[in-house]
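1. predicted model, plus sequence, below.
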Amino acid sequence: MKQGTWGKARVLWMALALLGMTIEIGLAEEARRLDDVVVTATKYETAIKDVPASVTVVSSSDLANQNLPNSDIGDALRSVPGIALRRAYAPFPPYANIRGAGSGGTVYLVNGIPTDWQISQAIAVELVERVEIIRGPASALYGADATGGVINIILKSGGETPTTTVKGGAGSFGRYRGAAEADGKVDRFSYAIAGYYEEADGTNVVENNVNASVHMIDDCDYDKHGVDANVGYRFSDSAGLRFFYDYGNNKYTRGRPHVGGDWDYNLAGLLYDQQIGNRLTINAYLGLRSDDYLHLYDQGGTDYDPRQKRDMDYSEMPAELRATAALGGHTLTIGAYYNNQETEQKYKDWTSGALLRENEYSVRTMAGYAQDVWKITDAMTLTAGLRYDHWENYDNYFSNYNDQYPDDRTDDHLSPKIGLRYNFAGGTSIWGNYSTGFTPPTSDQLYNDQTSGGNPRIPNPNLDPETTQSFELGLQHWFGTRFQASLAGFYTYTEDKILSWFNADNVYINQNIGRTESYGVELDLAWYLTENWTVTANYTYNEATVDENPEDPDLEGNDIPFCPKHKANLGVTYSQPSNFSISLYARYLSKQYSDDANTDLAGSGDDLAMEESLVFDIKGTKHFLVAWGPLKTVDLSLSIDNLFDEEYRTMYMYEDPGTTFFGEVKFVF
């Protein structure tokens with residue numbers, strides 16, 4: 001952490017505190033966020049005050065007030081408790097690690113339909129209505145990979161008044177971005193459509209590395225564009241159909257001539273809902289995703305040789321049918337789920353085009369689940385659920401593996417959960433839950449001898465699925481309608497944890513290491529001082545360690561990679577929509593490691609551990625009410641990310657670019 005940062009921080013926060021004290025205290029908004037409703041926790045609309053779990057909602061106004069230097073949802077997740085992010089470089093979104101579960105322990109959804117971390121965060125932020133985050137295992141509803149939690153991106157569906165927004169901006173390192181969004185309703189038809197284009201010269205994120213063989217020696221430039229749409233039609237008050245589509249393209253370099261990639265992706269979803277009488281609701285969805293990904297890379301050294309091309313095609317088609325019935329004090333949900341994923345990878349010589357290796361594999365999942373939410377009294381809610389998953393890895397072909405046609409792998413898993421919440425009079429709530437999760441190994445981990453970045457990998461066909469059990473206790477209290485405090489404690493243990501890391505020979509290894517533990521507390525505070533002033537703060541303590549490892553006992557007690565013990569956020573926002581808005585955020589992360597051995601320095605001399613950091617971001621917006629023809633408002637904004645130029649990293653050797661600026665003008669019609 002740079003010297004002087006703490007001093008600057010104290011001066012800045014004291015100034016804000018004094019400014020805040022001069023503001024006349026007004027009435028807070030009535031029951032602000034007391035009755036926020038989420039759909040991710042139970043798969044139907046449920047008030048947060050009835051959910052026995054830790055839930056965070058990032059609204060569209062939260063997105064507007066925050067700095068988004070990479071124009072993706074990952075930037076907004078930086079301030080959410082319990083989530084540690086690691087990002088290599090733009091235009092790639094960050095990996096999310098919830099409560100020490102690792103980057104593979106999060107289920108990502110768009111409008112409730114499963115996808116992955118890359119696609120979910122590539123959606124235009126202009127089309128996002130809110131992001132719902134459930135922390136803690138959620139496999140009882142969402143199956144495999146939900147060992148840490150769920151992130152659900154919910155798109156705008158169209159407001160009552162048609163609105164069109166056009167904006168454009170420029171910033172540091174040659175970054176330019178333009179976007180447009182339109183939404184509204186016409187009779188029974190609703191629509192929300194957005195498109196964007198962005199490019200940047202980028203930065204050299206590894207210029208201070210000692211290792212000359214690293215695969216970047218210059219700036220990582222990129223351009224990306226996309227179109228998103230979410231349209232719906234109500235056949236009647238009780239039945240409707242909704243369709244969303246996301247298309248995007250990313251082109252990027254990795255700091256070397258002819259080394260980079262070109263990625264096309266498509267994500268679509270069709271959702272149907274039908275209410276039958278006053279008690280029964282039927283929901284169904286069908287998703288479709290296809291990717292075409294060309295990745296160019298070399299395998300070390302400054303001579304750019306040998307070069308390879310990796311061409312990957314990926315597709316999946318998730319589908320679900322569920323029924324929700326209100327039966328007295330019970331709300332019963334029963335569902336069936338199916339998904340099939342197919343991947344084909346071809347590695348070719350850069351010069352001759354000769355095929356060097358080829359991988360093909362498929363993964364099929366079939367599941368059924370049931371959930372009962374029992375409203376025992378107006379104050380007490382019991383939630384219980386159970387899901388059965390059958391997972392199958394089949395049709396495998398790995399040309400460089402010793403067995404080119406590995407046998408199919410199947411696993412079955414039962415995932416129960418139970419939770420209880422009680423809301424006392426006076427604004428106090430307590431909750432507790434027991435939940436489970438599991439994560440099967442990927443086909444690449446089982447059979448592939450090379451990583452997506454071109455590094456050698458040791459395949460491990462004997463990997464077992466991870467299984468997770470977790471316990472959580474929570475307390476929440478509202479002090480009137482202005483101040484809210486939440487405290488949650490959790491304990492999670494995982495058997496057969498799959499850890500992946502580079503060994504001393506720079507070879508990637510995947511192993512079941514035995515048992516890991518993750519426990520900690522999350523404190524979340526929100527203070528609505530006036531109609532215009534809001535202060536938010538949260539702190540996460542997370543001790544995530546290797547508990548048992550018979551294969552290598554020396555690792556026992558070590559920290560799990562990319563799991564900082566301490567994380568803290570502080571935000572102050574002044575918002576006057578008719579005049580001016582400003583937000584200041586502080587982000588703290590403690591030291592974290594990138595390998596299971598908790599190594600500080602690599603043999604090359606490069607840092608492997610990531611030191612603690614304290615980063616400040618600020619964004620100010622001037623609002624103009626113009627009412628000139630169809631033009632309603634004009635906003636001028638300036639964002640400064642990493643205000644004091646803190647030197648820090650969140651992933652291996654990739655450095656944050658330092659202080660960056662972005663100015664933008666927005667027109668609303």
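-> Nice, thanks for sending it over.

2. check contacts around the nearest residue to Asn340 once chain neighbours are set aside.
-> Closest residue to Asn340 apart from its sequence neighbours, by CB to CB, 6 or more residues apart in numbering: Arg364 at 5.1 Å. C-betas here are computed from N, CA, C, even on glycine. Each residue near Arg364 by CB atoms under 8 Å, 6 or more residues apart in numbering is listed here: 339-341, 391-392, 394.

3. which one (most neighbours) among these?
-> Trp391 (21 neighbours; other CB atoms under 10 Å).

4. assumed His413 was part of a strand.
-> Yes: membership of His413 in a strand is supported by DSSP: H, G, I helix; E, B strand; the rest coil.

5. do I have it right that it meets Leu386?
-> No: the pair His413 / Leu386 is not scored as a contact, 11.1 Å apart, by CB atoms under 8 Å.

6. and of the contacts of Arg364, the nearest to Thr467?
-> Comparing those against Thr467 with CB to CB places Trp391 closest, at 12.6 Å.

7. what about Tyr222, distance to Ala179?
-> 16 Å (CB to CB, to the nearest Å).

8. meant to ask about Gly105, not that
-> From Gly105 to Ala179 the distance is 32 Å (CB to CB).

9. and what of Thr633?
-> Thr633 is 16 Å from Ala179, by CB to CB.

10. quick one on the thing from earlier: now do the buried residues in the helix or strand containing the residue nearest to Asn340.
-> In this assignment (DSSP states H and E), Arg364 forms part of strand 355-375. Judged by neighbour count (16 or more other CB atoms under 10 Å), strand 355-375 contains these buried residues: 356-367, 369, 371-374.

11. so what does the nearest residue to Asn598 once chain neighbours are set aside look like in phi/psi?
-> Spatially, and ignoring its direct neighbours in sequence, Asn598 is nearest to Asn558 (4.8 Å; CB to CB, 6+ apart). Backbone torsions of Asn558, given as degrees, to the nearest 10, read phi -70, psi 150.

12. low-confidence ranges in the stretch 251-400 of the chain?
-> Within the stretch 251-400 of the chain, the stretches with pLDDT under 70 are 254-259, 297-307.

13. which parts of it are strands?
-> Assigned by DSSP state E, counting those that start in this stretch, the stretch 251-400 of the chain shows strands spanning 259-276, 280-298, 307-316, 319-327, 330-349, 355-375, 380-398.

14. now distance to His477 too, for these, in JSON lines please.
-> Shown next, in JSON lines, are the strands of the stretch 251-400 of the chain (distance: least, CB to CB, whole Å):
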{"stretch": "strand 259-276", "distance to His477": "35"}
{"stretch": "strand 280-298", "distance to His477": "33"}
{"stretch": "strand 307-316", "distance to His477": "43"}
{"stretch": "strand 319-327", "distance to His477": "30"}
{"stretch": "strand 330-349", "distance to His477": "26"}
{"stretch": "strand 355-375", "distance to His477": "22"}
{"stretch": "strand 380-398", "distance to His477": "17"}
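
15. I'd like the next helix or strand past the helix-or-strand element of the chain with minimal mean pLDDT.
-> Ranked by mean pLDDT, DSSP states H and E, the weakest helix or strand in the chain is helix 5-21, scoring a mean of 43. The helix or strand immediately downstream of helix 5-21 is strand 37-38, counting by DSSP H and E.

16. now for that next one, which elements pack on it?
-> Helices and strands touching strand 37-38, by 3 or more CB pairs under 8 Å, 6 or more residues apart in numbering; DSSP states H and E, are strand 46-47.

17. tally of neighbours for Asp600?
-> 11.

18. again, but for Asn230
-> For Asn230, using other CB under 10 Å, the count is 27.

19. I figured Gly260 hits Lys251, correct?
-> Yes: between Gly260 and Lys251 there is a contact at 7.2 Å, judged by CB under 8 Å.

20. ok so, going back, more neighbours, His413 and Leu386?
-> His413 (20 against 17).

21. how near is the more buried one to Ala384?
-> 18 Å.

22. now do stretch 242-249: distance to the chain's middle.
-> Distance, stretch centre to chain centre, for stretch 242-249: 18 Å (CA atoms, centre = their mean, to the nearest Å).

23. ditto for stretch 424-440
-> In this view, stretch 424-440 has its centroid 21 Å away from the chain centroid, taken as CA atoms, centre = their mean.

24. and Leu296, bridged to which residues?
-> Beta-bridge pairing of Leu296 under DSSP bridges involves Gly260, Lys309.

25. Trp350 is in contact with that one, correct?
-> Yes: Leu296 is within contact range of Trp350, at 7.3 Å (criterion: CB under 8 Å).

26. of those two, which one has the most company?
-> Applying other CB under 10 Å to Leu296 and Trp350 shows that Leu296 carries more neighbours, namely 20 against 17.

27. and for Arg421, the neighbour number?
-> 22.

28. ditto for the one 4 residues further on
-> Burial measure for Ala425: 6 neighbouring residues, criterion other CB under 10 Å.

29. likewise Gly112?
-> Neighbourhood size, Gly112 [other CB under 10 Å]: 20.

30. that one: what's it in contact with?
-> By CB under 8 Å, 6+ apart, the residues touching Gly112 are 39-40, 43, 152, 154, 271, 285.

31. swap in Tyr361?
-> Neighbours of Tyr361 in contact, by CB under 8 Å, 6+ apart: 342-343, 393-398, 443, 447.

32. just the buried members of the residues you listed?
-> Buried members of the contacts of Tyr361, counted by 16+ other CB under 10 Å: 342-343, 393, 396, 398, 443, 447.

33. same list, those residues, but as TSV with distance to Ile48 please.
-> Shown next, in TSV, are the buried ones among the contacts of Tyr361 (distance: CB to CB, whole Å):
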residue	distance to Ile48
Glu342	38
Thr343	38
Asn393	37
Asn396	43
Phe398	46
Ser443	38
Tyr447	43
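
34. if we can go back for a sec, tell me the pLDDT of the residue nearest to Asn598.
-> Here the pLDDT value assigned to Asn558 is 93.

35. cool, and Tyr422?
-> pLDDT, read off for Tyr422, is 98.

36. what about the residue nearest to it when sequence neighbours are not counted, how many residues close to it?
-> The shortest distance from Tyr422 to any non-neighbouring residue, by CB to CB, 6+ apart, is to Met380 (5.0 Å). Using other CB under 10 Å, Met380 is surrounded by 13 other residues.

37. from Gly329, how far out is Met380?
-> For Met380, the distance to Gly329 - CB to CB - is 10 Å.
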